[in-house]
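*Asks:* Structure for this input, please:
(2 chains)
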Amino acid sequence: MSDNPRPGDEPTVPSPQPEPSISAAASGAAPAADVHTADDRGSTAATPSRNVPLLIGAAVVLVAVFAAVWLFGIARPPELPTVAESPARPDAAIAWVAWENNRSCVYVVEPAGEPRSLRCDNDGGELVAWTDEGIMLRRWTAARETDLVLDPRTGDVVARYDGSELGLTYEEGVYSERDGSLLTVEHEPSRTRLWVVEAPDAYDVHSGATSPDGNWVAMTDSARRLLVVPTDGSQQPAVWAETVEMWTTILWEGQDRRTELDEEAAG
Amino acid sequence: MHDLERRLQDWVDATLISGEQAAAISAHERNRSNDPASVTAAAHTSDTAGDGAGVAGQPPQRSTMAAEAIGYVGAALAIGALLMLLSNMWVDLLVWARLVVLAAMTAALAGAGMTLRRAPSAAMQRLASVLLTAAVAGVAWLASVVAIDLVGMTGAAVSLTAGAAALISAIVVYAMVTRALLQVAIAVAALVTALSAISVPILSPSALWYGLLVGALGAAWLLLARGGWLHPVILADIIGAGLMLVGAQVASVDFAFDGQRAGAVSAGLVVAALLVLVAVRADALHFLILGALGLFVFVPQLVFELFGDVIGAPATLLLVGLLLVLLAVGLGRVRKDVTSRRHSTSEVNRGE
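*Replies:* Here you go, the predicted structure:
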């Protein structure tokens, strides 16, 4: 553990330490007994001997700790049925925006379908309404706010509106509370208990949105799933889609988040 | 050469060596200076040296170092500008074009580095080390493009792929060119790989487990340094001990169970105290510096954790202050002891 001459040190008179010094060998000092030549480098440079048991020890430490982390540190989210397996399912589709590999994508999932990517680009945006005209995506640029209307089947832009005249409403959707390992999820506006579940500490739900008919709540969870649950809590949540960002805006078909701007508040 | 002749004559006059020996040494040195291979061979000996070392241990001149540093700053600015240009057109490049650009860049860096590693000049060898480390970064970038654009990976799976590719390539290069910068590259790649691997599952573990893994990597690094697998050893010591201290700090961040924070901070304190102990026993100043840093970081945290709610904030602050003063005085004495012993050891060596 001493600060013996090491590679890179100035050459000195060989000291009586056990650790061999390359610079000492290079400067002409007699190599120690446990020094071999590095012929693979095509030179007569000496390298110190290597202790294999310590290499094995280092590997054992890493493998043991990694195994412990894998076995005891990684939690699994609660197992839930899919929407297709649930006794009841919503009758409206859902859209959301997700950033993937620096591209912003609008996704759509029908009640009985698989999630599909509607449109991807680099400009981002926030979903504001899903009307008969299409899915409205608000974009902010330096000059203005623009609402793009996307065809829900093709993703093509079918109309553009000035988005600066209408504000947006924000819904809390769900509220979660933890008591030890027990997670309780409530519907934020009505305070109805939606779901009580044993879940690891790292697990939580976010981004709730109530369907326009008021019968369903969609939310995301820490396992990046889109869940849907009846607002009366009569059935446990069902998984509607996977790989959904935790903090995203969920938009129901028929939902309109636009609202008249409060002139005084805006002023 | 004239200087050598004069000194040889001095040694003959002092009857230290015979005239025949002087002639033999003189002829040997003359042959060596005429043989370019011998110069290259001498340069090879510094393949295993730290990045600050000169050829065969000769310290680089201050003016050369300054010019080299300015050169690196200029090169960094130029590379930064190139990367900015590249990033502007990156989104418009097709996947195969991205792969070709990165592969060519990485191959050029690796080729230049491998060529320069045998150069006689120490500055060129340091440049080789920088180029090879940049090539390792290029491999990581290439792997991430493959993971994202070809395989369709996202999140931690991408950093795991890039980290693992960088780790393997850094180890391979380090086996051929043992330089300090490449050791740092291996450490960073190992850290990214390990942390990404446990982040791939849907629910990531708590900070406790991340800290444990970082600490284990530090312990393994110290074992490898002690076993002669990593050079320069002092750098390996610093990386290993530093990771152990950082691991304890990371583990103390969250509160998954009662006493976790106190336990993690105590573990950090024990590591710091052991480093000071090792520094005293082995005259290792770098361990003393790291251990002292650790003590100054963990002692206040542990005191607040244990007594913060019991004796109130003002009394806790007073206790922390007193403990830090005691630590400063104690560590000051230990440092004086270690440095004086190091001086006396070098005096003895010089005397011999």
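*Asks:* tally of neighbours for the residue nearest to residue B:260 when sequence neighbours are not counted?
*Replies:* Spatially, and ignoring its direct neighbours in sequence, residue B:260 is nearest to residue B:208 (6.0 Å; C-beta to C-beta, 6 or more residues apart in numbering or on different chains). The way it works is simple: take the backbone N, C-alpha and C, and place the C-beta from them, glycine included. By other C-beta atoms under 10 Å in any protein chain shown, 22 other residues sit near residue B:208.
*Asks:* Which helix or strand lies directly C-terminal to the helix or strand where residue B:208 lies?
*Replies:* Taking DSSP states H and E as the criterion, residue B:208 maps to helix B:207-226. Per DSSP H and E, helix B:207-226 leads on to helix B:233-251 as the next helix or strand towards the C-terminus.
*Asks:* is that next one up against chain A anywhere?
*Replies:* Yes - applying C-beta under 8 Å from any C-beta of the partner chain, one finds helix B:233-251 touching chain A at B:233, B:234.
*Asks:* looking only at pLDDT, what's the mean for that helix?
*Replies:* The average pLDDT within helix B:233-251 is 96.
*Asks:* which strands and helices sit next to that helix?
*Replies:* Secondary-structure packing of helix B:233-251 (3 or more C-beta pairs under 8 Å, 6 or more residues apart in numbering or on different chains; DSSP states H and E): helix B:180-197, helix B:207-226, helix B:260-282, helix B:285-351.
*Asks:* and the angle from it to helix B:180-197?
*Replies:* Angle of helix B:233-251 versus helix B:180-197, following axes from the mean of the first three to the mean of the last three C-alpha atoms, to 10 degrees, is 20 degrees.
*Asks:* what's the offset of helix B:233-251 from the middle of its chain?
*Replies:* 11 Å (C-alpha atoms, centre = their mean, to the nearest Å).
*Asks:* likewise stretch A:241-251?
*Replies:* That offset, for stretch A:241-251, works out to 10 Å (C-alpha atoms, centre = their mean).
*Asks:* Tell me which of the helices and strands packed on helix B:233-251 sits nearest to residue B:109.
*Replies:* Nearest of the helices and strands packed on helix B:233-251 to residue B:109, taken as C-beta to C-beta: helix B:180-197 at 12.6 Å.
*Asks:* What average pLDDT does the closest one get?
*Replies:* Helix B:180-197 comes out at a mean pLDDT of 96.
*Asks:* which outside residues touch that helix?
*Replies:* For helix B:180-197, the external contacting residues (C-beta atoms under 8 Å, 6 or more residues apart in numbering or on different chains) are A:8, A:62, A:66, B:50-52, B:129-130, B:132-133, B:136-137, B:140, B:156-157, B:159-160, B:162-164, B:166-167, B:170-171, B:173-174, B:210, B:213-214, B:217, B:221, B:230-232, B:235-236, B:239, B:243.
*Asks:* With stretch B:8-25 instead?
*Replies:* With C-beta under 8 Å, 6+ apart as the test, stretch B:8-25 has contacts from B:4, B:26.
*Asks:* Need the nearest residue in space to residue 216, chain neighbours excluded.
*Replies:* As the question left the chain open, I've gone with chain A. Distances taken as C-beta to C-beta, 6+ apart place residue A:90 nearest to residue A:216, at 4.4 Å, with adjacent residues excluded.
*Asks:* ah, no, chain B please
*Replies:* Excluding its sequence neighbours, the residue lying closest to residue B:216 (C-beta to C-beta, 6+ apart) is residue A:65, at 3.6 Å.
*Asks:* Over to residue B:199?
*Replies:* Residue B:199 sits nearest to residue B:156 (C-beta to C-beta, 6+ apart), 3.8 Å away.
*Asks:* where's the one you found relative to residue A:224, distance?
*Replies:* 12 Å (C-beta to C-beta, to the nearest Å).
*Asks:* wait, doesn't the residue nearest to residue B:260 sit right on residue B:254?
*Replies:* Yes - using C-beta atoms under 8 Å, residue B:208 is in contact with residue B:254, at 6.7 Å.
*Asks:* Overlap in contacts, the two.
*Replies:* Contacts common to residue B:208 and residue B:254, judged by C-beta under 8 Å, 6+ apart, are residue B:260.
*Asks:* Where does the prediction get shaky in the stretch 51-200 of chain B?
*Replies:* Counting by pLDDT under 70, the ranges of the stretch 51-200 of chain B that qualify are B:51-64.
*Asks:* at 80 what do you get?
*Replies:* Flagging of the stretch 51-200 of chain B using pLDDT under 80 yields the residue ranges B:51-68, B:71.
*Asks:* what's the answer for the stretch 1-150 of chain A, then?
*Replies:* Ranges of the stretch 1-150 of chain A meeting pLDDT under 80: A:1-49, A:100-102, A:141-143.
*Asks:* Show me just the buried residues among the contacts of helix B:180-197.
*Replies:* A:8, A:62, A:66, B:50-51, B:129-130, B:132-133, B:136-137, B:140, B:156-157, B:159-160, B:162-164, B:166-167, B:170, B:173-174, B:210, B:213-214, B:217, B:221, B:230-232, B:235-236, B:239, B:243 (16 or more other C-beta atoms under 10 Å in any protein chain shown).
*Asks:* May I have the phi/psi pair for residue A:231?
*Replies:* Phi and psi for residue A:231, reported as degrees, to the nearest 10, are phi -70, psi -20.
*Asks:* wait, what's in contact with it?
*Replies:* A:187, A:190, A:192, A:194, A:210, A:214, A:215, A:216, A:217.
*Asks:* Quick check: the gap between it and chain B.
*Replies:* Look at residue A:231 and chain B: by C-beta to the nearest C-beta, to the nearest Å, they are 26 Å apart.
*Asks:* got the residue ranges for the helices in the stretch 151-267 of chain A?
*Replies:* Secondary structure of the stretch 151-267 of chain A (DSSP state H, counting those that start in this stretch): helices located at A:263-266.
*Asks:* Would you mind naming what in it lies close to chain B?
*Replies:* A:200, A:201, A:202, A:203, A:222, A:223, A:224, A:243.
*Asks:* Tell me the most packed of those, by neighbour count.
*Replies:* For these, neighbours tallied by other C-beta under 10 Å; top is residue A:223, 24 neighbours.
*Asks:* Cross-check the contact I'm expecting between that residue and residue B:203.
*Replies:* Yes - counting by C-beta under 8 Å, residue B:203 is a contact partner of residue A:223 at 6.1 Å.
*Asks:* Common neighbours of those two, please.
*Replies:* Looking at what touches both residue A:223 and residue B:203 (by C-beta under 8 Å, 6+ apart), the common residues are A:77, A:203.
*Asks:* For residue B:313, give me the pLDDT.
*Replies:* pLDDT, read off for residue B:313, is 74.
*Asks:* Mind listing the residues bridging to residue A:184?
*Replies:* residue A:177, residue A:196 (DSSP bridges).
*Asks:* Secondary structure element for residue B:85, which one?
*Replies:* Using DSSP H and E, residue B:85 sits in helix B:62-90.
*Asks:* so how far is that helix from its chain's centroid?
*Replies:* The answer for helix B:62-90 is 22 Å, by C-alpha atoms, centre = their mean.
*Asks:* mind checking how far stretch B:79-94 is from the chain centre?
*Replies:* With C-alpha atoms, centre = their mean, you get 30 Å for stretch B:79-94.
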